[in-house]
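J.: For reference, the sequence and a predicted model appear below.
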Amino acid sequence: MNDGYEEVLRAIASSEPTPGGGSVAALSLAHAQSLSIMVARLTLGKEKWADGHVLAESIISKWEPKIDSSIGLAVKDAQAFDQVMGAYRLPKKDEKEMELRNYSIREATIGAALAPLETAKESLELLRDIEKFIDLCNSNALTDLASAAELSGSAIVIASMNVRINLDNIEGDDVNELSNQLEEILGAHTSLLEMIRSKVSERLDWK
């Protein structure tokens, strides 16, 4: 751990509203990606786990570049919230200003929902890859991959709350579409986590 890591944690712990839950969801995804890559490398490092080498290589090539993207999502989420606050601070002295303010609030709120929704989508995709890899990875690092799955699941749950809180007070076909996407992600993530947990327990002979 270094000063930069501690600085991020202290920024989260401050009295400022950002970075908040949506950013933490994205950072949880980044941790899940990093753990998955570590397990992939540990699998590649042993001929004993040759059956998992192709998947391990795929995970490294696919997810290593996305760690920076996830950190970017954490920043994007904080910026989106700041834009919502900025929209609420717009003047409302006359009808024209009110219309502009209302439009700006809605657009900013949609933007604030899109950032965590992207985190949820990426987390679900990682869960799908973990579910395929869990049977073939280095068994000595199995709990690390299981931890990556749990972090991915947590990222989805946290991100979903941030999507919903932004969509609760606005209406429209675009809002309905985003809500439907979120429900699909939540449903898929539940079944994936159950499968992963079952496979982990079976490989470790945990009752």
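T.: In hand now; what should we look at?
J.: pLDDT below threshold where in the chain?
T.: Low-confidence segments of the chain (pLDDT under 70): 1.
J.: Nearest residue to the middle of it?
T.: Thr119 (3.5 Å; CA atoms, centre = their mean).
J.: I figured it hits Gly22, correct?
T.: Yes: between Thr119 and Gly22 a contact is recorded at 7.1 Å, counting by CB atoms under 8 Å. Glycine gets a C-beta too; all of them are placed from N, C-alpha and C.
J.: tell me which element Glu7 is part of?
T.: Glu7 belongs to helix 3-13 when assigned by DSSP states H and E.
J.: Restrict that helix to CA atoms and write it as CSV.
T.: Output of helix 3-13 as CSV, limited to C-alpha atoms (Å, rounded to 0.1, in the frame of the first residue of the first chain):
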residue,chain,number,x,y,z
ASP,A,3,0.3,7.2,0.1
GLY,A,4,-1.8,7.4,-3.1
TYR,A,5,-4.0,4.5,-1.9
GLU,A,6,-4.5,6.1,1.5
GLU,A,7,-5.3,9.4,-0.1
VAL,A,8,-8.1,7.9,-2.1
LEU,A,9,-9.5,6.3,1.1
ARG,A,10,-9.3,9.6,3.0
ALA,A,11,-11.0,11.4,0.1
ILE,A,12,-13.9,8.9,0.4
ALA,A,13,-14.0,9.4,4.2
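J.: For the residue nearest to the centre of the chain, which non-adjacent residue is closest in space?
T.: Ala159 (4.3 Å; CB to CB, 6 or more residues apart in numbering).
J.: quick one: common contacting residues for Thr119 and Gly22?
T.: Asp77, Ala159 (CB atoms under 8 Å, 6 or more residues apart in numbering).
J.: quick one: contacts for the nearest residue to Asn140 once chain neighbours are set aside?
T.: Distances taken as CB to CB, 6+ apart put Leu42 closest to Asn140, at 7.1 Å, once the chain neighbours are dropped. With contact taken as CB under 8 Å, 6+ apart, Leu42 is in contact with Cys137, Asn138, Asn140, Ala141.
J.: quick one: Leu42 and Ser36, what's the gap?
T.: From Leu42 across to Ser36, the span is 11 Å (CB to CB, to the nearest Å).
J.: Then Ser154?
T.: Taken as CB to CB, the span from Ser154 to Ser36 is 14 Å.
J.: Next: Phe133.
T.: Per CB to CB, Phe133 is found 8 Å from Ser36.
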